[in-house]
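Chemist: Can you look at this prediction? I've put the sequence above it.
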Amino acid sequence: MDFGGPQMTEQMKEQIAEMMKKALEKTYILNFNKEESSYKEEEKLAAPGAGGGMMAMMGNFTAGAQYKNTTDDLYLQEQEFFGKQFLITDTLPKLEWKLVNVSKQIGQYVAFKATAIKQLGDTDFQSMRRRNSNTDSEKEATETKKDSTEFDLMEEIEIPKEIEIVAWYTPQIPIPQGPGEFSGLPGLILEIQADRTSILCTKIVLNPKEIEIKKPSKGQKVSQEEYQKIVKDKMEEMQEMYGGRGRGRGMQIRMN
């Protein structure tokens with residue numbers, strides 16, 4: 001990603017990159033029992049002004065608490081989108097896990113590897129990347145003169161159709177739960193690698209007493225498909241407003 005072009009020193013670019021890295025590294029807490037789990041970001045005070053416009057933009061897609069019930073096949077997620085609260089209510093995301101005969105030590109637990117392929121939709125922005133501009137058709141497109149203020153986001157970025165998920169689970173805790181949307185393995189998931197996202201378990205506290213898992217309840221209830229349509233429609237609306245085609249009021253984003 002370009003942090004300001006040649007006007008910025010390498011030191012300034014490194015400082016901004018480190019700031020963004022810290023802003024993107026978050027701590028979550030997974031509470032679980034035999035049937036249910038809740039997954040929520042640990043609350044902490046943000047540094048004043050941290051992240052600037054980039055973090056403000058990402059804040060428009062803020063994910064809240066997630067809940068899974070493997071017995072009832074129920075998935076809930078609080079999701080804020082441009083200031084409006086939604087409660088995504090759907091069945092559990094399904095992945096066809098392949099168990100691999102490879103193990104490693106994670107803390108005091110022996111973890112085994114599992115892989116799966118996840119199909120992505122148009123609104124899976126965590127996996128978006130700069131479009132490969134090496135194809136003939138795209139070379140022709142770059143030769144076409146455009147207004148310098150014109151910006152078409154969907155021409156600049158792409159979201160892959162699928163990504164590989166690598167999970168590490170431990171049969172020593174024989175509960176089919178895991179962080180985020182992930183579950184369905186013969187043991188607690190301790191680590192996930194999903195495209196450019198890594199989730200690592202740093203501490204496990206086993207409570208001998210049964211704990212109550214609270215279900216998220218805030219927001220307009222929608223299915224995952226309905227929520228994705230809302231996001232897609234909003235992004236198209238923003239493209240129409242700020243695309244700058246012939247209006248001289250566009251924005252410019254550069255990615256490397």
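Modeler: Noted; the coordinates are in hand. Keep in mind the model is a prediction, meaning the values are calculated, not measured. Residues are numbered from 1 along each chain as shown.

Chemist: Output the below-cut-off pLDDT ranges for the stretch 151-256 of the chain.
Modeler: Within the stretch 151-256 of the chain, the ranges that satisfy pLDDT under 70 run 151-160, 242-256.

Chemist: for it, what spans make up the helices?
Modeler: 153-156, 224-242 (DSSP state H, counting those that start in this stretch).

Chemist: so what does the longest one touch, helix or strand wise?
Modeler: If you count contacts as 3 or more Cβ pairs under 8 Å, 6 or more residues apart in numbering; DSSP states H and E, helix 224-242 packs onto strand 74-81, strand 84-90, helix 153-156. To be clear about C-beta, it is placed using only N, CA and C from the backbone, and glycine gets the same treatment.

Chemist: neighbouring strands for the second one, and are they parallel or not?
Modeler: Meaning strand 84-90. Its sheet considered, strand 84-90 pairs with strand 74-81 (antiparallel), strand 220-222 (parallel) by DSSP bridges.

Chemist: Asn31 is nearest to which of those strands?
Modeler: strand 74-81 (14.0 Å; Cβ to Cβ).

Chemist: can you pull the buried residues of the closest one?
Modeler: For strand 74-81, a neighbour-count test (16 or more other Cβ atoms under 10 Å) marks 75-81 as buried.

Chemist: longest strand anywhere in the chain?
Modeler: In the chain, with assignment by DSSP state E, the single longest strand is strand 109-119.

Chemist: out of the helices of the stretch 151-256 of the chain, nearest to Val110?
Modeler: Among the helices of the stretch 151-256 of the chain, helix 224-242 comes nearest to Val110, with 33.9 Å by Cβ to Cβ.

Chemist: List the buried residues in the closest one.
Modeler: 224, 227-228, 230-231.

Chemist: ok, Gln193 touching Pro179?
Modeler: No: using Cβ atoms under 8 Å, Gln193 is not in contact with Pro179, being 11.8 Å away.

Chemist: Which residues does stretch 30-45 contact?
Modeler: Residues outside stretch 30-45 that contact it (Cβ atoms under 8 Å, 6 or more residues apart in numbering): 26-29, 63-72, 175, 177-180, 183, 188, 210-211, 213-216.

Chemist: For it, C-alpha coordinates in CSV please.
Modeler: Output in CSV follows, covering the C-alpha atoms of stretch 30-45 (Å, rounded to 0.1, in the frame of the first residue of the first chain):
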residue,chain,number,x,y,z
LEU,A,30,-13.5,-17.3,23.2
ASN,A,31,-15.8,-18.7,25.8
PHE,A,32,-17.2,-22.1,25.2
ASN,A,33,-18.9,-25.2,26.6
LYS,A,34,-19.8,-28.5,24.9
GLU,A,35,-22.5,-27.0,22.7
GLU,A,36,-22.0,-23.2,22.6
SER,A,37,-19.3,-20.6,22.1
SER,A,38,-19.0,-16.8,22.1
TYR,A,39,-16.2,-14.9,20.5
LYS,A,40,-15.7,-11.2,21.2
GLU,A,41,-12.9,-8.6,21.0
GLU,A,42,-11.3,-7.7,24.3
GLU,A,43,-12.3,-4.2,25.2
LYS,A,44,-9.4,-1.7,25.5
LEU,A,45,-8.9,2.0,25.1
